[in-house]
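Novice: quick one, what's the 3D model for this:
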Amino acid sequence: MKKTLITLSVVAMTATSTFAVEMASCIGCHEANFEKAALGKSKIVKDMAKADIITALKGYKDGSYGGAMKGVMKGQTDKLSDVVIEAIATQITAK
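Specialist: Model prediction:
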């Protein structure tokens with residue numbers, strides 16, 4: 001039981017730190033409140049619904065979504081798990 005709790009704690013801390021790093025990366029281009037069109041070309045993320053953000057991030061990841069920012073976002077999303085994508089979308093729409 002103790003090993004299980006320790007393992008779960010380590011997984012939770014790793015997921016939290018991964019999420020924090022990914023959010024910092026998002027904020028770098030989209031600003032803290034996601035009100036900026038990244039590089040003057042993207043959609044304003046704060047205006048998107050949670051489901052649309054998830055669709056966009058998963059689409060960038062698998063290459064099925066995007067216009068002018070497709071190449072940049074592919075590199076940003078390749079390492080994201082579905083759990084982190086969901087957490088990012090939740091955080092953005094909670095603002």
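
Novice: number of residues surrounding residue 69?
Specialist: Applying other C-beta atoms under 10 Å, we find 19 residues neighbouring residue 69. In this view, the C-beta of every residue, glycine as well, is placed from N, C-alpha and C.

Novice: low-confidence ranges, this protein, go.
Specialist: 1-19, 95 (pLDDT under 70).

Novice: show me where it has helices.
Specialist: Secondary structure of the chain, counting by DSSP state H: helices at 2-30, 50-62, 70-77, 82-94.

Novice: of all the ones you listed, which one is nearest residue 41?
Specialist: Minimum separation from residue 41 across the helices of the chain (C-beta to C-beta) falls at helix 70-77, 9.2 Å.

Novice: and the closest one, what does it pack onto?
Specialist: Packing partners of helix 70-77 (3 or more C-beta pairs under 8 Å, 6 or more residues apart in numbering; DSSP states H and E): helix 50-62.

Novice: show me what the helix it packs on is packed up against.
Specialist: helix 70-77, helix 82-94.

Novice: just put those in a markdown table and tack on distance to residue 31 and mean neighbour count.
Specialist: Formatted as a markdown table, the helices and strands packed on helix 50-62 follow (distance: least, C-beta to C-beta, whole Å; neighbours: other C-beta atoms under 10 Å):
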| stretch | distance to residue 31 | mean neighbour count |
| --- | --- | --- |
| helix 70-77 | 15 | 16 |
| helix 82-94 | 11 | 16 |
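
Novice: between these, which one is closest to residue 33.
Specialist: Nearest to residue 33, of those and by C-beta to C-beta, is helix 82-94 at 9.1 Å.
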